[in-house]
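[1] Quick one, what's the 3D model for this:
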Amino acid sequence: MIAPGKVGDLAVFALDEIELRQEERRYDVPHGTWRFTRPPAGFRATIVAGTPTWLDGDHTGARPGRMMRPTAPAPA
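    Prediction:
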């Protein structure tokens, strides 16, 4: 449910514009390593906890989420 007071993450996109674009290398990983990425195609926005973090392919600078770290499994 999308409603005032609810917390959730949303991806907003134009279904008819979704496509698989060419991979690109980005050298933005710590310690000089690289990663593959693709330019966005059809994605309009990513909204985290009600705050836009990406709009039309550009980062807004907002970081409303929190880091989730793996936890050790419960003892058997």
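
[2] Phi, psi for the spatially closest residue to L55 that is not a sequence neighbour please.
    Of all residues not flanking L55 in the chain, A45 sits nearest, at 5.3 Å (CB to CB, 6 or more residues apart in numbering). Yep, even glycine has a C-beta here, placed from its N, CA and C like the rest. The phi and psi torsions at A45 (degrees, to the nearest 10) take the values phi -160, psi 150.

[3] and A45, what is it in contact with?
    Taking CB atoms under 8 Å, 6 or more residues apart in numbering, we find A45 in contact with 10-12, 52, 54-56.

[4] of the residues you listed, closest to P73?
    A11 (30.0 Å; CB to CB).

[5] What count of nearby residues applies to that closest one?
    By other CB atoms under 10 Å, the residues close to A11 number 10.

[6] Quick check: E23 vs W34, distance?
    Applying CB to CB, to the nearest Å, the value for E23 to W34 is 11 Å.

[7] On the three-state scheme, the spatially most central residue of the chain is what?
    Closest to where the C-alpha atoms of the chain average out (CA atoms, centre = their mean) is T46, at 6.3 Å. Assigned with DSSP: H, G, I helix; E, B strand; the rest coil, T46 falls in the strand class.

[8] didn't it look like it was pressed against G8?
    No - using CB atoms under 8 Å, T46 is not in contact with G8, being 11.9 Å away.

[9] so what's the residue nearest to L55 bridging to?
    With DSSP bridges as the criterion, A45 is bridged to V12, L55.
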